[in-house]
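>>> Here you go, sequence then predicted model.
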Amino acid sequence: MAASPASVESVIRPLGSCLTKLGFEVYPLKVGWYNSVLPPSLHLPYPDDTLAVVVLSTPAMFEQAFLPFLEQRGIQKLCDPVDQCVRDCVSTAVSQVRVECFSELKVDVRYDYELLPSRKPKFLAQTAAHVSGAAFYYQQSDVTDQPWAGKKMFGVCIHPSFGGWFAIRALLVFEDVTVGSELVQPAPPDCVPSREDRIKLLEAFNFRWQDWSYRDTVPPAQTYSERQKEYFSTAPALRLALLRTWGLLPEEEVQPDLSPDEQSQANGHG
Ligand code: B12
């Protein structure tokens, strides 16, 4: 393989400095950490020592990035507004890395809502968060002597500072950046160590996710603001109307510019 054009530090520093002030967090990982827990059909098609970065949105993203984005940029009507904002922030940050680091840097950016032609997610966000050390992924298999008798329970990541008040937005693979021994895999903090609490968490996430209670599994340093809660508990189809009632979406700024691909990207994940 050709020599790396950039070091881990030279990528992470500009990426972090752009995204942190907008309410995101970035965590580096090696592709091999991710691939080693997944079947080949879900592997990222890069060598194990390739640098990747997982991007999380914290509660502050809504006020620090999303509301200003609505005021400063026109949004496309049928494309999810938060997804548009995240794309804008991530693209700007990647451009900054290219400016500071290496203009030809190849970056494969994968968003949480994107699917492969096989209809599988482009990356498994929770697995990426766990292997990078960002947030422990509590899965059904992490509960001994399960009470659910054959039922499939979806797993959930818990962040040590924000509990469940965050989302996993993107995975960036820096295709030509090779990581050496300077990056040691951190274990994600196990904030829900007991069997009883893990059962409560998985039941809250699977049976009552709309009441937000799973998000308070650990005392959070910050939660979503009332405005952000109202936004994410509004059905996606009604969110533009809500933004208009807040005076954040003047009619004339809405651009009805839709490709079928963009239309299919709308989702409700907050
Ligand atoms: C499809 C999807 C859904 C579907 C199906 C859910 C599911 N988990 O399959 C539906 C529509 C039901 C759904 C609902 C919700 N979702 Co959803 N969803 C997704 C999405 C897009 C893909 C998940 C997926 O298909 N995974 C595939 C399955 C097979 O993966 P898996 O079960 O993890 O299995 C793998 C691991 O076990 C791994 N593995 C094996 N061994 C080991 C060992 C270790 C150590 C590790 C780490 C991994 C590992 O291998 C398996 C694959 O072979 C993700 C975003 C993304 N791109 O990942 C969001 C995501 C999981 N959803 C999320 C949320 C919040 C929700 C909702 C609360 C909705 C909302 N409004 O926010 C609800 C709640 C769930 C419920 N009670 O219904 C968040 C979860 C955040 C968190 N804290 O964990 C995510 C990550 C989106 C985000 N942007 O943050 N969702």
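Structure's in. What do you need?
>>> now the strands for this structure?
Along the chain, the segments classed as strands by DSSP state E run 24-30, 50-57, 107-111, 136-138, 156-158, 167-178.
>>> Would you enumerate the residues in contact with Arg169?
Arg169 makes contacts with 24, 55-57, 86, 90, 111-112, 125, as judged by Cβ atoms under 8 Å, 6 or more residues apart in numbering. Any C-beta I mention is one placed from the backbone N, CA and C, and that applies to glycine too.
>>> Over to Ser57?
Contact analysis of Ser57 by Cβ under 8 Å, 6+ apart lists 23-24, 65, 86, 166-167, 169.
>>> In the beta-sheet assignment, what are the partners of it?
The residues paired with Ser57 through beta bridges, assigned by DSSP bridges, are Phe24, Ala167.
>>> Name the member of the contacts of Arg169 with the most neighbours.
Greatest neighbour count in those, by other Cβ atoms under 10 Å, goes to Ser57: 28 neighbours.
>>> pLDDT score for that one?
Residue-level confidence at Ser57 comes out at 98, pLDDT.
>>> what does Asp112 give?
Per-residue pLDDT puts Asp112 at 98.
>>> Pretty sure Phe166 is one of the things it touches, is it not?
No: under the contact definition of Cβ atoms under 8 Å, Asp112 does not touch Phe166, with a separation of 11.9 Å.
>>> returning to what we had before: now the contacts of Ser57 as JSON lines including distance to the ligand and pLDDT?
JSON lines is the format used below for the contacts of Ser57 (distance: Cβ to the nearest ligand atom, whole Å; pLDDT from 0 to 100):
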{"residue": "Gly23", "distance to the ligand": "14", "pLDDT": "98"}
{"residue": "Phe24", "distance to the ligand": "12", "pLDDT": "98"}
{"residue": "Ala65", "distance to the ligand": "15", "pLDDT": "97"}
{"residue": "Val86", "distance to the ligand": "9", "pLDDT": "97"}
{"residue": "Phe166", "distance to the ligand": "7", "pLDDT": "98"}
{"residue": "Ala167", "distance to the ligand": "4", "pLDDT": "98"}
{"residue": "Arg169", "distance to the ligand": "6", "pLDDT": "98"}
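>>> so which of those comes closest to Asn206?
Nearest to Asn206 out of the contacts of Ser57 is Ala167 (Cβ to Cβ; 17.6 Å).
>>> Distance check, the closest one against Leu183.
Going from Ala167 to Leu183 by Cβ to Cβ, to the nearest Å gives 24 Å.
>>> now Leu22
Counting by Cβ to Cβ, the gap between Leu22 and Leu183 amounts to 24 Å.
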